[in-house]
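*Asks:* Got a sequence here, can you build the structure:
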Amino acid sequence: MTDEQTDMEIIEKLWARREEGLACLSGRYGSRLLAIARSILDGEEAAECVNDMLLAVWESIPPARPDFLFAYAAAICRNLAYDRLRWENAKKRRAEVVSLSVEMEECIPAHKASGEISVEFTQLIVGFLRSLPKEKRVMFVRRYWYGDSLETISGHFGCSVSRVKSILFRVRKQCRGYLEKEGVQI
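*Replies:* Residues are numbered from 1 along each chain as shown. Here you go, the predicted model:
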């Protein structure tokens with residue numbers, strides 16, 4: 001059975017309001033979703049975030065019928081984690097999250113960085129990412145989607161932190177140029 005068929009089976013269970021669909025989702029992707037939450041939150045808060053994500057998935061399917069279950073659950077998990085972080089640290093932000101926000105402001109308009117992302121804008125970002133060589137694309141996604149530290153990324157690629165910083169700087173500059181060329185005002 002392929003991954004897609006298995007995801008579709010899980011979605012069908014959720015669509016039929018069978019709670020075992022949540023257990024299947026958790027069993028299949030739980031550790032990866034927890035890793036996303038842990039890149040933003042600490043221990044127990046990350047686990048609570050994954051539980052909140054399961055509830056959100058349960059409440060949203062139906063009417064939603066996602067094409068890619070992991071991406072759907074990961075987006076919910078990531079957004080919940082950032083919401084929780086903002087709520088818990090309203091006055092005192094984590095330096096890493098502030099750093100990521102400042103980096104992304106170089107190439108993504110402020111109203112997009114706040115989380116209000118349209119389908120069209122998402123398609124532009126996907127198009128941009130597809131235009132990148134694999135190494136640059138993976139670095140960008142690991143940094144700005146998963147929130148990996150520069151050190152983690154450099155260890156994954158076996159290169160220096162300064163090389164990762166340099167590559168990400170150039171990719172953000174390319175992203176800005178790409179978006180401006182497509183008519184997005186930065």
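
*Asks:* domain assignment for the protein?
*Replies:* The chain breaks down by automatic domain parsing into domains covering 3-88, 95-181.

*Asks:* Can you flag the weakest of these by average pLDDT?
*Replies:* Lowest mean pLDDT of the domains of the chain: domain 95-181, a mean of 82.

*Asks:* I'd like the distance from that domain to the chain centre, please.
*Replies:* In terms of CA atoms, centre = their mean, to the nearest Å, the centre of domain 95-181 is found 11 Å from the chain centre.

*Asks:* same check, this time on stretch 14-21
*Replies:* That offset, for stretch 14-21, works out to 25 Å (CA atoms, centre = their mean).

*Asks:* Please apply the same query to stretch 9-25.
*Replies:* Centroid separation for stretch 9-25 versus its chain: 23 Å, with CA atoms, centre = their mean.

*Asks:* Just the buried residues of that stretch, please?
*Replies:* I10, I11, K13, L14, G21, L22, C24, L25 (16 or more other CB atoms under 10 Å). Yep, even glycine has a C-beta here, placed from its N, CA and C like the rest.

*Asks:* Equivalent analysis for stretch 34-46, please.
*Replies:* L34, I36, A37, R38, S39, I40, L41, A46.

*Asks:* Kindly report the same for stretch 145-154.
*Replies:* Y146, G147, D148, S149, L150, T152, I153, S154.
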